[in-house]
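Visitor: coords please:
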Amino acid sequence: MQQQAVVARQFGQTASAYLTSTVHAQGADLAKLRELAAGLGTPLVLDLGCGAGHASFAVAPVARSVTAFDLSSEMLAVVAGAAQARGLHNVVTEQGNVSRLPFADDAFCMVVTRFSAHHWLDVPAALREAKRVLKPDGLLVVIDITAPEAPLHDTTLQAVELLRDGSHVRDYRPSEWTAMLRAAGFQPRRGGDWTLHMVFDEWTARMRTPPERVAAIRSLFASAPEETLKHFDVQADGSFAIGSTLFTATHDADDIY
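Guide: Residues are numbered from 1 along each chain as shown. Next up, the predicted model:
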């Protein structure tokens, strides 16, 4: 099965769980996202890989319109229903692939993505598309889980993530994000870091991880080096902590004209 189909299937099956997930529905990063949107006036916003719509809902009160864009039709149905229930009538949904956006050049004042890019098959292509549809004076905001710079810890995180979720591609290191944003023609800035606490049973249940893969994750943690367990603050029940980072990016001044 191709990667896009895996992503669509995985998140189609778990759409409602992501709407109510505490990890996704809350966080200081959502307040920061709304603050950034408000600073642009009443922007036209595109939410790439919107998932259950939490980033869209955060910016909608200060935006002219928000387009929630995702590969999963089931996720988009959850977003549309939740937006209506919350009275957010400026949120619209559209299905598609982030590496081939069906929007005109310079269509949006703000492009955001939150906890989605680690599922994208071609992040550089998606960033180039984000730049194309972003107005010259617009703002890109990327929020995602970020891998440790230390290879030992990085390897452990990627293995655990893939065992839990077959649609996982990669949690990128902050240095990798900076390099990819620059290569796409952006001027990036690291705007904040947060720690996410994953309750093991909730984390695996949300993705309906099969029992044999849950057992494999526990085995991996059991055999991990002490310094890695300490880095991720792994608890006796398997719960652990991972980092997330917010990046802001604007068009490279040399590319505007």
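
Visitor: which residues touch the most centrally placed residue in the chain?
Guide: In the chain, the centroid-proximal residue (C-alpha atoms, centre = their mean) is residue 115; its distance is 1.8 Å. Going by C-beta atoms under 8 Å, 6 or more residues apart in numbering, residue 115 touches 24, 51, 143-145, 244. For the C-beta atoms, the positions are set from N, CA and C on the backbone; glycine is no exception.

Visitor: kindly recompute the last result at 7 Å.
Guide: By C-beta atoms under 7 Å, 6 or more residues apart in numbering, the contact list for residue 115 reads 24, 51, 143-145.

Visitor: highest neighbour count among these?
Guide: Ranked by the number of neighbours (other C-beta atoms under 10 Å), these place residue 51 first, at 27 neighbours.

Visitor: figure out the helix or strand that it lives in.
Guide: Assigned by DSSP states H and E, residue 51 belongs to neither a helix nor a strand.

Visitor: do residue 93 as well
Guide: Residue 93 is located in strand 91-95, with elements delineated by DSSP H and E.

Visitor: run the chain-centre distance for that strand.
Guide: 17 Å (C-alpha atoms, centre = their mean, to the nearest Å).

Visitor: now residue 122: closest residue in space that isn't a chain neighbour?
Guide: residue 99 (4.9 Å; C-beta to C-beta, 6 or more residues apart in numbering).

Visitor: cool, and residue 233?
Guide: For residue 233, ignoring the flanking residues on the chain, the nearest one in space by C-beta to C-beta, 6+ apart is residue 241 at 4.3 Å.

Visitor: would you mark the buried spots in the strand or helix carrying the one you found?
Guide: Assessed by DSSP H and E, residue 241 sits inside strand 240-251. For strand 240-251, a neighbour-count test (16 or more other C-beta atoms under 10 Å) marks 240, 242-251 as buried.

Visitor: coming back round to it: list the contacts of the residue nearest to residue 122.
Guide: 122, 125-126, 129.

Visitor: pull out the buried members of the residues you listed.
Guide: For the contacts of residue 99, a burial check counting by 16+ other C-beta under 10 Å picks out 126, 129.

Visitor: which residue ranges of this structure form strands?
Guide: Taking DSSP state E, the strands of the chain run over residues 44-48, 65-70, 91-95, 108-114, 134-146, 186-198, 240-251.

Visitor: I'd like those as CSV, with mean pLDDT and distance to residue 80 appended.
Guide: Below are the strands of the chain laid out as CSV (pLDDT from 0 to 100; distance: least, C-beta to C-beta, whole Å):
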stretch, mean pLDDT, distance to residue 80
strand 44-48, 98, 13
strand 65-70, 98, 8
strand 91-95, 98, 5
strand 108-114, 98, 18
strand 134-146, 98, 22
strand 186-198, 95, 27
strand 240-251, 97, 26
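
Visitor: and those strands: which comes nearest residue 57?
Guide: Among the strands of the chain, the nearest to residue 57 by C-beta to C-beta is strand 91-95 (7.4 Å).

Visitor: give me the sheet partners of that closest one and which way each runs.
Guide: strand 65-70 (parallel) (DSSP bridges).

Visitor: any idea how far residue 246 is from residue 181?
Guide: Residue 181 is 12 Å from residue 246, where distance means C-beta to C-beta, to the nearest Å.
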